[in-house]
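Colleague: Could you work out the structure for the sequence below:
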Amino acid sequence: MHKSDKPEKLAEFTAPGMDDESAKKTIAILDNRMVALIDLQLTLKHIHWNVVGPNFIGVHEMLDPQVETVREMTDTIAERIATLGGVPVGTPQALTERRSWEDYSIGKALVTEHLMALDKVYNGVNKDHREGIEQLAELDAVSEDMLTGQLAELEQFQWFVRAHLESSSGELRTN
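Modeller: Residues are numbered from 1 along each chain as shown. You can find the predicted model right below:
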């Protein structure tokens, strides 16, 4: 599968009551979200390993539950893709070919630097999840509901990150 290829519906079935075209469109949206969440869980673990400085331990320990929850989200999406007759492809090469964003560029760095970058990552993931929800409203209520529940958790994770970057007056540190 190349970057421009869209995931195909390969099974001769889909969820009862859903037509093949709606299934294909839903699978494509879910595939995009699956790739983003796999990337997010790896990025979170990378930050977990490379964050240093004041508040290190609090951030280090905050990230592992996020990794686990995002991993579960990824599994839920992959299983939904299979339920609709698609094939979830999560191999490293296939993932990098299908992603449309730049790799996380920070190595070992201070808490604030990582959290400012992670806030931007969450901006993109959450915005794209919201767009996926809007598209799914016309295609598949089950997948729409699934992404809606995930977005609630992802937005809460971003709030946790922002709490480390927010001043007492409510200003968000962005650089």
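Colleague: Report all helices and strands that the lengthiest helix in the chain contacts.
Modeller: Secondary structure of the chain per DSSP state H: the longest helix is helix 20-50. Identification of packing neighbours for helix 20-50 by 3 or more CB pairs under 8 Å, 6 or more residues apart in numbering; DSSP states H and E yields helix 56-83, helix 92-98, helix 111-136, helix 141-163. Every C-beta, even on glycine, is put in place using the N, C-alpha and C of the backbone.
Colleague: Now the weakest link among the ones you listed, please, by mean pLDDT.
Modeller: Of all these, the minimum mean pLDDT falls on helix 92-98 (a mean of 90).
Colleague: Contact partners for the residue nearest to the spatial centre of the chain?
Modeller: Nearest residue to the geometric centre of the chain (CA atoms, centre = their mean): residue 37, 2.8 Å. Residue 37 makes contact with 70, 73, 74, 77, 125 under the criterion CB atoms under 8 Å, 6 or more residues apart in numbering.
Colleague: Give the burial count for the second one, as a bare number.
Modeller: Residue 73 sits with 25 neighbouring residues when counted by other CB atoms under 10 Å.
Colleague: Would you mind confirming that it is in contact with residue 150?
Modeller: Yes - between residue 73 and residue 150 there is a contact under CB atoms under 8 Å: 4.9 Å.
Colleague: what sits against residue 25?
Modeller: For residue 25, the contact set (CB under 8 Å, 6+ apart) comprises 135, 139.
Colleague: follow-up on the earlier one: can you lay out the helices and strands packed on helix 20-50 as a markdown table showing distance to residue 27?
Modeller: Listed next are the helices and strands packed on helix 20-50 as a markdown table, based on distance: least, CB to CB, whole Å:
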| stretch | distance to residue 27 |
| --- | --- |
| helix 56-83 | 5 |
| helix 92-98 | 13 |
| helix 111-136 | 11 |
| helix 141-163 | 9 |
